[in-house]
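*Asks:* Got a predicted structure plus its sequence, pasted below:
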Amino acid sequence: MSAPIRPSEAVLVAAWAFPIFVLGQFALIAGIPVAIVVARTPRSRAARWWSGLMAAAYVVPLAVWLLGPSTAPSLSKSLSPWDTGVITAAGVVAAGGLHLVRRRAAAPVGDRPAPGARSATSRR
């Protein structure tokens with residue numbers, strides 16, 4: 001069995017930059033961290049799910065802004081506060097998931113519990 005592929009630090013930095021950019025009203029520039037995460041995580045199955053969540057959270061409002069009847073001059077201006085909160089939350093969840101993937105891949109194989117098994121420190 002080969003060792004799991006870990007997301008790099010650049011991927012984690014980009015993943016955490018995404019919600020910060022969206023929250024800071026730089027939503028169009030937030031596409032750069034999304035592109036970095038999507039481009040650098042295709043070999044890890046678990047990381048692909050998190051990068052897919054991040055990409056979907058970005059592409060849907062971008063497509064609505066570009067293809068819709070909006071007259072807003074920028075993506076940040078077209079997002080409602082609710083949309084900004086949902087996109088930011090999705091970015092935080094995806095970045096946290098990528099952190100979890102990195103930590104699990106770094107743990108030695110013997111230290112990882114089997115799926116569904118109780119660890120030695122858990123109480124019944």
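*Replies:* Received the coordinates, thanks.

*Asks:* Please count neighbours and contacts with C-alpha atoms only from this point.
*Replies:* Will do.

*Asks:* Quick check: which element contains the nearest residue to L53 once chain neighbours are set aside?
*Replies:* Once flanking residues are discounted, L53 sits nearest to A94: 6.5 Å by C-alpha to C-alpha, 6 or more residues apart in numbering. A94 is part of helix 81-106 when elements are defined by DSSP states H and E.

*Asks:* try L53
*Replies:* Using DSSP H and E, the secondary-structure element containing L53 is helix 45-67.

*Asks:* Then V38?
*Replies:* helix 31-40.

*Asks:* who touches A27 in this structure?
*Replies:* By C-alpha atoms under 8 Å, 6 or more residues apart in numbering, A27 lies in contact with 21, 75-76.

*Asks:* same question, F21
*Replies:* Under the criterion of C-alpha under 8 Å, 6+ apart, the contact list for F21 reads 27, 29-30.

*Asks:* Just want the angle from the helix holding L53 to helix 81-106.
*Replies:* On the basis of axes from the mean of the first three to the mean of the last three C-alpha atoms, to 10 degrees, helix 45-67 is oriented at 160 degrees to helix 81-106.

*Asks:* low pLDDT regions in the protein?
*Replies:* Filtered on pLDDT under 70, the chain yields the residue ranges 1-4, 107-124.

*Asks:* which residue is nearest the centroid of it?
*Replies:* Central residue of the chain (C-alpha atoms, centre = their mean): A94, 2.9 Å from the mean position.

*Asks:* and the gap between that one and T88?
*Replies:* Using C-alpha to C-alpha, to the nearest Å, we find A94 at a distance of 10 Å from T88.

*Asks:* that older thread, as TSV, the contacts of A27 with distance to D83 would be great.
*Replies:* Shown next, in TSV, are these (distance: C-alpha to C-alpha, whole Å):
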residue	distance to D83
F21	14
L75	11
S76	10
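
*Asks:* Out of those residues, the closest to A47 would be?
*Replies:* A47 has its nearest neighbour among the contacts of A27 in F21, at 21.0 Å by C-alpha to C-alpha.

*Asks:* buried residues in the helix or strand hosting that closest one?
*Replies:* In this structure, F21 is located in helix 9-23 according to DSSP H and E. When burial is assessed from 16 or more other C-alpha atoms under 10 Å, helix 9-23 yields the following buried residues: 11-12, 14-23.
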